[in-house]
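A.B. asks: make a model of this:
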Amino acid sequence: MSGHGIHRPVTLPGLGVYRGRATGVVHLVSDPLRWSSGRPAPEVLALPALWWPPKDRLPKGVVGVLLHGVPSESRRVVRIPTVARIDPDVLREGETVEVNGTLGRVGIEGVEEVGVVTSFLERSDGRILLLERSSKVGSFQGHWAGVSGFLEAASPLEQAFREILEETGLTANDVELLTEGAPVLARDGARVFVVHPFRFRAHRTDVKLDWEHTRSEWVEPGEIRRRATVPKLDRVWESVAAAPPKG
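C.D. replies: The predicted model follows:
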């Protein structure tokens, strides 16, 4: 994962449930019977869509709501800025967010968005290439990953081809694009990685590693969950595995 990528204030895409804008401190609700954190500051509740809307009044000071999933359309509307389809793994208790129910967007104060590409190279027998990150890279040393890099090119696909060449020695003629998955969000401190996933058929399997990796292995896809990997690598694979074939 060479380079530094393009950083910008993070904006999480979602589904606007009720219009309006509000700013408050996140409270991750873990108990369907206890929604209040007791904070005096304006709060934005983050909770499963199955618990929405509330049976009783919202706790005092709640100015917005973030939902994991999508609430039933048949249930009553609560008139407070609300955005659905927000991954709770991206949120942190106590951080400040802006909820835009009109546009279906959520901004997190002090957190940057970093674009990344991750490509899985697949052999004819269905095994995929995993790379172990070296001690020389800036993050996630010793973790397994696909062929990854910060998004610096004009398009994610162009960056994917660059990284494949740099990290494996394979050219565009050695691989064939099979699928392009939906982006996956992964939180790391004050950064949210927006991972653009790709899946390629590798016509050659004699890869040549660069300094970013110490070893490579061709493994069954299920092996991803059994290894220490970079964040959300299992979800990135699921994204390309579920995507329709290109062309």
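A.B. asks: tell me who's in contact with Ser37.
C.D. replies: By C-beta atoms under 8 Å, 6 or more residues apart in numbering, Ser37 lies in contact with 27, 43. To be clear about C-beta, it is placed using only N, CA and C from the backbone, and glycine gets the same treatment.
A.B. asks: so Leu185 touches Arg191, yeah?
C.D. replies: No - counting by C-beta atoms under 8 Å, Leu185 does not reach Arg191; the two are 10.7 Å apart.
A.B. asks: could you identify the longest strand within the protein?
C.D. replies: Counting by DSSP state E, the longest strand found in the chain is strand 105-122.
A.B. asks: just the C-alpha atoms of it, please, in PDB.
C.D. replies: Extracted C-alpha coordinates of strand 105-122, given in PDB (Å, rounded to 0.1, in the frame of the first residue of the first chain):
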ATOM      1  CA  ARG A 105     -25.500  11.800   4.900                       C
ATOM      2  CA  VAL A 106     -23.500  11.800   8.100                       C
ATOM      3  CA  GLY A 107     -20.300  13.700   8.700                       C
ATOM      4  CA  ILE A 108     -17.900  12.900  11.600                       C
ATOM      5  CA  GLU A 109     -15.900  15.800  13.100                       C
ATOM      6  CA  GLY A 110     -12.100  15.400  13.000                       C
ATOM      7  CA  VAL A 111     -12.200  12.200  10.900                       C
ATOM      8  CA  GLU A 112     -10.800  11.900   7.400                       C
ATOM      9  CA  GLU A 113     -11.900   9.700   4.500                       C
ATOM     10  CA  VAL A 114      -9.100   7.800   2.700                       C
ATOM     11  CA  GLY A 115      -9.700   6.100  -0.600                       C
ATOM     12  CA  VAL A 116      -8.100   2.600  -0.900                       C
ATOM     13  CA  VAL A 117      -8.300  -0.200  -3.600                       C
ATOM     14  CA  THR A 118      -8.100  -3.900  -2.700                       C
ATOM     15  CA  SER A 119      -7.800  -6.500  -5.400                       C
ATOM     16  CA  PHE A 120      -8.100 -10.300  -5.100                       C
ATOM     17  CA  LEU A 121      -6.300 -12.300  -7.700                       C
ATOM     18  CA  GLU A 122      -7.900 -15.700  -8.300                       C
END
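A.B. asks: and it, how far out from the chain middle?
C.D. replies: Between the mean C-alpha location of strand 105-122 and the chain-wide mean there is a distance of 6 Å, by C-alpha atoms, centre = their mean, to the nearest Å.
A.B. asks: assign the nearest residue to Gly107 once chain neighbours are set aside to helix, strand or coil.
C.D. replies: In space, and not counting its chain neighbours, Gly107 is closest to Glu98: 4.4 Å by C-beta to C-beta, 6 or more residues apart in numbering. Recorded secondary structure, Glu98: strand (DSSP: H, G, I helix; E, B strand; the rest coil).
A.B. asks: please consider this matter closed, and thank you.
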